[in-house]
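Asker: Got a predicted structure here, sequence first:
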Amino acid sequence: MPKLTFLHKDGNTTELDAPEGLSVMEVAVQNDIEEIEGACGGSLACATCHVYVHPDWWDKTLPEDGDVSEDEEDMLDLAFDLRKCSRLGCQIIMDEEKDGLTVALPGTKVDW
């Protein structure tokens, strides 16, 4: 089963099993990661699952067409502390290719 690590703004990390087919947001909510609310349940109607993706992982988190959707970009415009590595966790679906993925939570001081 793929592993997913959340980097918290206090510097701590949480490593979780992330079943294939679940989104980063779903894994976070099911495991009580407080910084991820997932208010819309993954319907692209909020930005409460905003995360930062390390550049080394960026391409692996994109959909098959290779681009962040316009709907996701529109929702990201509402996110706190938007960065060029920002994604919505509900749009990143876990699979074996993403085993080891680390995402930083909003407010985390990272240089990416």
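Answerer: It's in.

Asker: All the strands of the protein, in order from the start?
Answerer: Counting by DSSP state E, the chain has these strands, from start to end: 3-7, 13-17, 50-53, 86-88, 101-104.

Asker: could you say what helices and strands the last one packs with?
Answerer: Strand 101-104 is packed against strand 3-7, strand 50-53, helix 55-61, with contacts defined by 3 or more CB pairs under 8 Å, 6 or more residues apart in numbering; DSSP states H and E. C-betas here are computed from N, CA, C, even on glycine.

Asker: Quick check: which of the strands of the chain is nearest to residue 60?
Answerer: Across the strands of the chain, residue 60 has its closest neighbour in strand 101-104 (7.4 Å, CB to CB).

Asker: List of residues touching the closest one?
Answerer: Contact with strand 101-104 is made by 2-7, 13, 18, 24, 51-54, 57, 60-61, 87, 89, 92, 94, 110, 112, as judged by CB atoms under 8 Å, 6 or more residues apart in numbering.

Asker: Report the buried members of the residues you listed.
Answerer: Among those, those scoring as buried are 2, 4, 6-7, 18, 24, 51-53, 57, 61, 87, 89, 92, 94 (criterion: 16 or more other CB atoms under 10 Å).

Asker: Residue 81 touches residue 109, doesn't it?
Answerer: No. Here residue 81 lies out of contact with residue 109, judged by CB atoms under 8 Å, at a distance of 10.3 Å.

Asker: circling back: residue 37: which of the buried ones among the contacts of strand 101-104 is nearest?
Answerer: residue 89 (10.3 Å).

Asker: Quick one: residues contacting that closest one.
Answerer: Counting by CB under 8 Å, 6+ apart, residue 89 has contacts 23-25, 28, 36, 38, 49-51, 103.
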